[in-house]
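Enquirer: Kindly return the folded structure for what I paste below:
(chains A and B)
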Amino acid sequence: AQSVSQHNHHVILSEAASLELGCNYSYGGTVNLFWYVQYPGQHLQLLLKYFSGDPLVKGIKGFEAEFIKSKFSFNLRKPSVQWSDTAEYFCAVNAGNTGFQKLVFGTGTRLLVSP
Amino acid sequence: DAGVIQSPRHEVTEMGQEVTLRCKPISGHNSLFWYRQTMMRGLELLIYFNNNVPIDDSGMPEDRFSAKMPNASFSTLKIQPSEPRDSAVYFCASSPGSQANSYNSPLHFGNGTRLTVT
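Expert: So this is what the prediction gives:
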């Protein structure tokens, strides 16, 4: 079965610091990878996704993620965080050959950006 | 587009009572999902439907949980009887795409129902 690990449960950064959130998945076949963000009091929103092609994916609000197949990783990065990036971030994976969308989410990483 | 609509936003009930959560997916979306979010376990997929048909309910914790989708614009998640350990935020999500290509369609989440069982 697929699983997703997010090793950082809580991250605290100052504004302008660089961010990298780890995500590792377990599945040997073709995968589709996602990062979702949940701002305080809001629902989850798609941040970025990877299906194929360039392993470096650009998302909204200056976020990017790199798919490294050999490491089964899809880490999220942002060069300079802002206070408004305070949120919970979820990595998710879907096996691409299932024919149906069945996302498996990681347990999330809570990011607090102090002004 | 109003997005995925869930009701109620908050539900507080006593142990043993029946709880019904409701979801209206985005019009035209073929897939609907129910997730449960807790601090301990994060986001867990409970069940998902495609074209109103339950495809995978392996995430439903036990027989006390049931879900229905009588038509393309409405789904319910029912807990009977409820227990304190059911306290969580329950999210409904929908996604577009046909059965063949729905795997690469992003999910659109509702605002969730925060359930508290005392």
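
Enquirer: For residue B:85, which three-state class applies?
Expert: helix (DSSP: H, G, I helix; E, B strand; the rest coil).

Enquirer: quick one: low-confidence parts of chain B?
Expert: Within chain B, the stretches with pLDDT under 70 are B:1, B:97-105.

Enquirer: Return the residues in contact with residue B:112.
Expert: A:43, B:6, B:9, B:37, B:89, B:90, B:91 (Cβ atoms under 8 Å, 6 or more residues apart in numbering or on different chains). (Glycine included, C-beta is placed from N, CA and C.)

Enquirer: Spit out the contact partners of the closest residue to residue B:24 other than its chain neighbours.
Expert: Leaving aside its sequence neighbours, residue B:24 sits nearest to residue B:5 (Cβ to Cβ, 6 or more residues apart in numbering or on different chains; 4.3 Å). Residue B:5 is in contact with B:23, B:24, B:110, counting by Cβ under 8 Å, 6+ apart.

Enquirer: one more time with 10 Å, if that's ok
Expert: Taking Cβ atoms under 10 Å, 6 or more residues apart in numbering or on different chains as the criterion, residue B:5 is in contact with B:22, B:23, B:24, B:25, B:26, B:73, B:92, B:110, B:111.

Enquirer: same thing with residue A:104?
Expert: A:1-4, A:25-27, A:91-95, B:43-45, B:59.

Enquirer: Swap in 7 Å and give it another go.
Expert: When contacts are counted by Cβ atoms under 7 Å, 6 or more residues apart in numbering or on different chains, residue A:104 touches A:2, A:3, A:4, A:92, A:93.

Enquirer: Okay, and which of these map to strands?
Expert: Those of those mapping onto strands are A:3, A:4, A:92, A:93, per DSSP state E.

Enquirer: of the contacts of residue B:5, closest to residue A:81?
Expert: Residue A:81 lies nearest to residue B:111 out of the contacts of residue B:5, by Cβ to Cβ, at 25.1 Å.

Enquirer: can you give me the strands for chain B?
Expert: So, for chain B - with DSSP E - the strands run B:5-7, B:10-13, B:19-24, B:31-38, B:42-50, B:53-56, B:65-71, B:74-79, B:88-95, B:108-109, B:113-117.

Enquirer: Can you tell me the strand partners of the longest one and which way each runs?
Expert: Take DSSP bridges as the rule and strand B:42-50 pairs in its sheet with strand B:31-38 (antiparallel), strand B:53-56 (antiparallel).

Enquirer: any weak-confidence spans in chain A?
Expert: Along chain A, the parts satisfying pLDDT under 70 run over A:1, A:95-101.

Enquirer: Who does the helix or strand harbouring residue A:45 pair with, and is each partner parallel or antiparallel?
Expert: Under the criterion of DSSP states H and E, residue A:45 resides in strand A:44-50. In the sheet containing strand A:44-50, its partner strands are strand A:31-38 (antiparallel), by DSSP bridges.

Enquirer: returning to that earlier point: dump the strand holding residue A:45 to CSV, keeping only the CA atoms.
Expert: The C-alpha coordinates for strand A:44-50 follow below in CSV (Å, rounded to 0.1, in the frame of the first residue of the first chain):
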residue,chain,number,x,y,z
LEU,A,44,-7.2,22.5,1.8
GLN,A,45,-6.1,24.0,-1.4
LEU,A,46,-3.8,22.7,-4.1
LEU,A,47,-0.4,24.2,-4.0
LEU,A,48,1.3,22.3,-6.8
LYS,A,49,1.3,18.9,-8.5
TYR,A,50,3.6,16.6,-10.5
